[in-house]
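A.B. asks: below is the structure, and that's it, no one-letter string:
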């Protein structure tokens, strides 16, 4: 279940970034290869690379590309241009906190550098470190989260939170994967995740590669399968976790949380601590990205709604902390009261490492 | 809002049935014209005609086509063959009660006939009567249901319950339409309704023809819009209503009812009394059709999931009576306790007409 089947969707050779184009899966494996940070911004915006942790890592590499391109510039030009690049990259998508988090860390690395070349080197090495740390962190997250899943009890996941959505291994999918690697066996269900079909296209593809038997359902069938007892746990990722434990995640997450709560089925979130945003008090102030209506009205270039149909297409929703049984992170599992537990987990490293 | 824009999807000329092929909308308006009841059965099975009331009327016409084709046969052959045709027609789809209800009424009409020709005439005239009654009944349903909707309060509907789903005018969509005709104005939202996209393809098409401004959303976005206060009422149709008020309807209905209940938003069902099945005690014993997985894994002929992906594709779910604020019918509105109110409404005509 490791080695040959391992999916890597973000590859870095010094000065050159390769991204597996997720809009083309599962039909084709097409790579975007670039030395231009603006092309990475476009790839993030067009969801060719997606998933909060993955766009965080891609953003760090985009910063490295921008810095490398500028490294022969005089320091004032370098810093002004890098600042503009950082603003572009950070604004590629609004909801995931990882994007701004990664860009900010890169800017801090640049601030303490002796020269533009030194800054470019520092950012590139920070990006590769964030990349490696995300994989390690997801494996740790999997180990902390796996005990939440039980032999024989059906598990539902939403959207894609696997190797494709992260730097590797996955978050919610990583928890399922670790439980499976530890020998547990349970029915696994994946929502197709409209409108972008991350579940059908990406999660089912990852489960197939991992040899985990999974069943695909439309998003709206989840409540009925929970009611029927086929699904006994839900585990999803997060794009941003507010200080009080409210979770912004892929549209449809909130409906799953309501269905789980109605049937006393545990609802788990799996996300690295970098997703916790202590500066955001609660979910209501998290900006929710509204995506183009064409994602809903057309499919593979074919219209599925009348021309000119009005559309609301929020990409994310907010699940209140009260509906969340636990949040698994790479540092441990937060349980109610979530706010306090999250603050402890999020500030842990700051306390532990001087 | 009437006249030119009126959609008629089922047309009958003696001995010949025309059905608007709903799998081709909104792109093309293609008609199936047939004299063969088996072709109607196929059209129902393949959802070329769909919606519980519409398949009830189509089934009655299929019975008429079968009887007309057999009318020169000797009576014993006629009755045996008609019986086989009835069994075929009634089993085209399992969940909607209207199908069996219409076939049964046709068999009763045949039973009292003097000859095969007389039986064929009686069935044909019963079918045209059921057709006309369904339209009249939907207009009455609209009048009873419209007071449930309020000026300025957003209304969500699911699947397609309009002229296409019925013999004409619609049930849940008819309630919205009547309220609109009465001058009320409120935001209207339609779910796309995966996997078959009845909402995107059919409901949005009907709203556009009726001049009712509507907004399309993915199914899983409803809970979030309800939470945000944009949707203040939900109105859906029904494929079968059990004696206790449990409602079988398009997959996803239950999730909408849970979201409505969580935010104290009223959840209404609009359906003719022919949908009430007093012989079915509660929703748990309603047969739920499982449709082919390809409806989920392919889209416009293109694969959207890995080859061989396992799928669960229930076409309907059951919403418990406790989550339903009221059920509007052509004879009035049933409110809690639903069981008693439904029994009164369903048996009303039997009591009133000897």
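C.D. replies: Arrived safely, thanks for sending. What you are looking at is a predicted structure, and each value in this text was computed from that prediction instead of being measured.

A.B. asks: can we go C-alpha only for contacts and neighbour counts from here?
C.D. replies: Noted.

A.B. asks: need the residues of the stretch 101-250 of chain A near chain B, please.
C.D. replies: A:194-195, A:197, A:200-202, A:204-205, A:208, A:214-221, A:223-224 (Cα under 8 Å from any Cα of the partner chain).

A.B. asks: so where's chain A uncertain?
C.D. replies: Applying pLDDT under 70 to chain A flags residues A:1-5, A:349-354.

A.B. asks: can you flag which of the residues of the stretch 101-250 of chain A next to chain B belong to strands?
C.D. replies: In this view, those that belong to strands under DSSP state E are A:214-217.

A.B. asks: and those, which are buried?
C.D. replies: If you count burial by 16 or more other Cα atoms under 10 Å in any protein chain shown, the buried members of these come out as A:214-217.

A.B. asks: the helices in the stretch 51-200 of chain A, which residues?
C.D. replies: Secondary structure of the stretch 51-200 of chain A (DSSP state H, counting those that start in this stretch): helices located at A:52-70, A:75-90, A:97-111, A:116-145, A:172-181, A:198.

A.B. asks: please name the nearest non-neighbouring residue to the residue of chain A positioned farthest from its centre.
C.D. replies: Note on chain A: the largest C-alpha distance from the chain mean falls to residue A:74, namely 36.2 Å (Cα atoms, centre = their mean). Leaving aside its chain neighbours, residue A:74 sits nearest to residue A:116 (7.6 Å; criterion: Cα to Cα, 6 or more residues apart in numbering or on different chains).

A.B. asks: OK, contacts around the residue of the stretch 1-150 of chain A found nearest chain B?
C.D. replies: Taking Cα to the nearest Cα, chain B has its nearest neighbour within the stretch 1-150 of chain A at residue A:26, 6.1 Å off. By Cα atoms under 8 Å, 6 or more residues apart in numbering or on different chains, the contact set of residue A:26 is A:201-202, A:205, B:304-306.

A.B. asks: sec struct for it, please.
C.D. replies: coil (DSSP: H, G, I helix; E, B strand; the rest coil).

A.B. asks: and it, how close does it get to residue B:307?
C.D. replies: 9 Å (Cα to Cα, to the nearest Å).

A.B. asks: circling back: can you redo the helices of the stretch 51-200 of chain A as JSON lines with distance to residue A:22 and mean neighbour count?
C.D. replies: Below are the helices of the stretch 51-200 of chain A laid out as JSON lines (distance: least, Cα to Cα, whole Å; neighbours: other Cα atoms under 10 Å in any protein chain shown):
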{"stretch": "helix A:52-70", "distance to residue A:22": "11", "mean neighbour count": "29"}
{"stretch": "helix A:75-90", "distance to residue A:22": "19", "mean neighbour count": "18"}
{"stretch": "helix A:97-111", "distance to residue A:22": "18", "mean neighbour count": "21"}
{"stretch": "helix A:116-145", "distance to residue A:22": "18", "mean neighbour count": "22"}
{"stretch": "helix A:172-181", "distance to residue A:22": "17", "mean neighbour count": "26"}
{"stretch": "helix A:198", "distance to residue A:22": "9", "mean neighbour count": "29"}
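
A.B. asks: columns distance to residue B:17 on top of those helices, output as a markdown table?
C.D. replies: As requested, the helices of the stretch 51-200 of chain A are exported to a markdown table (distance: least, Cα to Cα, whole Å):
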| stretch | distance to residue B:17 |
| --- | --- |
| helix A:52-70 | 54 |
| helix A:75-90 | 60 |
| helix A:97-111 | 58 |
| helix A:116-145 | 59 |
| helix A:172-181 | 51 |
| helix A:198 | 42 |
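
A.B. asks: residue A:320 is nearest to which of the ones you listed?
C.D. replies: Comparing these against residue A:320 with Cα to Cα, the closest turns out to be helix A:97-111 (17.3 Å).

A.B. asks: report all helices and strands that that closest one contacts.
C.D. replies: With contacts taken as 3 or more Cα pairs under 8 Å, 6 or more residues apart in numbering or on different chains; DSSP states H and E, helix A:97-111 sits against helix A:52-70, helix A:75-90, helix A:116-145.

A.B. asks: and with 10 Å instead?
C.D. replies: helix A:52-70, helix A:75-90, helix A:116-145, strand A:240-242, strand A:276-277 (3 or more Cα pairs under 10 Å, 6 or more residues apart in numbering or on different chains; DSSP states H and E).

A.B. asks: put together TSV for those, with distance to residue A:314 on each row.
C.D. replies: As requested, the helices and strands packed on helix A:97-111 are arranged in TSV below (distance: least, Cα to Cα, whole Å):
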stretch	distance to residue A:314
helix A:52-70	16
helix A:75-90	19
helix A:116-145	27
strand A:240-242	15
strand A:276-277	21
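
A.B. asks: the ones you listed: which one's closest to residue B:275?
C.D. replies: Of all these, it is strand A:240-242 that lies closest to residue B:275, at 45.0 Å by Cα to Cα.

A.B. asks: contacts for the closest one, please.
C.D. replies: Residues from elsewhere that reach strand A:240-242, judged by Cα atoms under 10 Å, 6 or more residues apart in numbering or on different chains: A:52, A:95-98, A:246-249, A:269, A:271-287, A:318-321, A:327, A:339, A:342.

A.B. asks: list the pairing partners of whichever helix or strand comes after it within its sheet, with orientation.
C.D. replies: Sequence order places strand A:247-250 as the next helix or strand after strand A:240-242, per DSSP states H and E. Neighbouring strands of strand A:247-250 in its sheet, by DSSP bridges, are strand A:240-242 (antiparallel), strand A:316-319 (antiparallel).

A.B. asks: helix or strand next in line after strand A:247-250, which one?
C.D. replies: Past strand A:247-250, the next helix or strand by DSSP H and E is helix A:253-262.

A.B. asks: can you select the buried ones among the residues of the stretch 101-250 of chain A next to chain B for me in PyMOL?
C.D. replies: Of those, the buried ones can be selected in PyMOL as follows, counting by 16+ other Cα under 10 Å:
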select buried, chain A and resi 194+195+197+200+201+202+204+205+208+214+215+216+217+218+219+220+221+223+224
